[in-house]
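Peer 1: structure here, sequence nowhere to be found:
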């Protein structure tokens, strides 16, 4: 399942040397997961590098959400205790 990652927050945190980076993750079925991470500010770090760091810090949460979403929309057949994709 493909996931699109959109940066929805990118702010310096007041009174902290941190950048708040928010990612909205949308899978091909339209399911959405939002995660925010505070990333240490470092001179010379690009915007893309901050986004990558936020993604890396969120990877476990995103993977768990994606695994949970993989069952959404499937058809459960109690006769043979199986799941199948809907048509």
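Peer 2: Happy to help now that I have it. The shown structure was predicted, so the numbers you read here are calculated from the model rather than taken from an experiment.
Peer 1: how about the helices of this protein, start to end?
Peer 2: 47-69 (DSSP state H).
Peer 1: show me where it dips below the pLDDT cut-off.
Peer 2: Within the chain, the ranges that satisfy pLDDT under 70 run 1, 87.
Peer 1: state the distance from the residue of it positioned farthest from its centre to residue 17.
Peer 2: Farthest-out residue of the chain from its mean C-alpha position, per C-alpha atoms, centre = their mean: residue 79, at 35.1 Å. The gap separating residue 79 from residue 17 is 59 Å, by C-beta to C-beta, to the nearest Å. To be clear about C-beta, it is placed using only N, CA and C from the backbone, and glycine gets the same treatment.
Peer 1: likewise residue 57?
Peer 2: 16 Å.
Peer 1: more crowded one of those two?
Peer 2: residue 57 (15 against 10; other C-beta atoms under 10 Å).
Peer 1: quick one: contacts for that one?
Peer 2: Residue 57 is in contact with 37, 39, counting by C-beta atoms under 8 Å, 6 or more residues apart in numbering.
Peer 1: then residue 23?
Peer 2: 5-8, 34-37, 51, 54-55, 58, 62.
Peer 1: which one is residue 38 nearest to, not counting chain neighbours?
Peer 2: With C-beta to C-beta, 6 or more residues apart in numbering as the criterion, residue 38 has its nearest non-adjacent residue at 4.3 Å, and that residue is residue 18.
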